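Predicted model follows, preceded by the sequence.
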Amino acid sequence: MPAAALTAVEAMERMASTGFNYGRATSEPGVWYFPTGKIGIYYADNGTTLTVQAAVDARRLRELP
């Protein structure tokens, strides 16, 4: 697994284990954005499960979601 992907997975696991949402709200209800270095993760949080919706190259985003 590439290092950036592993970093993203580990960051999401840490967030899930704390029970606290560190993401930024997006314009889509229930979807959050969490930057993890080179990879940005869009995910849904239903209170018990984090579900990844998309992974993007965070370095190429021109505007924050």
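Okay, I see it.

got any ranges where the chain has weak pLDDT?
Where the chain drops to pLDDT under 70, the residues are 1, 62-65.

what ranges do the helices span in it?
Counting by DSSP state H, the chain has helices at residues 3-18.

quick one, strands of it?
24-25, 31-36, 39-45, 50-57 (DSSP state E).

quick one: strands adjacent to the first one?
Pairing partners of strand 24-25, with direction, according to DSSP bridges: strand 31-36 (antiparallel).

quick one: contacts of the strand it pairs with?
Residues from elsewhere that reach strand 31-36 (CB atoms under 8 Å, 6 or more residues apart in numbering): 4, 7-8, 11-12, 15, 21-26, 40-45, 53, 58, 64-65. All C-beta spots, glycine's among them, are computed from the backbone N, C-alpha and C.

filter the residues you listed to the buried ones?
4, 8, 11-12, 15, 23, 40-43, 45, 58, 65 (16 or more other CB atoms under 10 Å).

Looking at those, point me to the pair that's furthest apart.
Farthest-apart pair in the buried ones among the contacts of strand 31-36 is 4 and 45; separation 22.1 Å (CB to CB).

Based on its surroundings, how many neighbours for residue 28?
12 (other CB atoms under 10 Å).

Please disregard the earlier target; I meant residue 18.
For residue 18, using other CB under 10 Å, the count is 9.

so who does it touch?
Residue 18 neighbours (CB under 8 Å, 6+ apart): none.

what does residue 15 give?
So residue 15 contacts 21, 22, 23, 34, 50 (CB under 8 Å, 6+ apart).

With residue 44 as the reference, measure out to the first one.
Read that as residue 21. 11 Å (CB to CB, to the nearest Å).

ok, the buried ones among the contacts of strand 31-36 vs residue 30, which is closest?
The nearest member of the buried ones among the contacts of strand 31-36 to residue 30, counting by CB to CB, is residue 45 at 7.3 Å.

so what's that closest one up against?
Residue 45 neighbours (CB under 8 Å, 6+ apart): 21, 23, 30, 32, 51.

Run a quick neighbour tally on the fourth one.
The number of residues packed near residue 32 is 20, by other CB under 10 Å.
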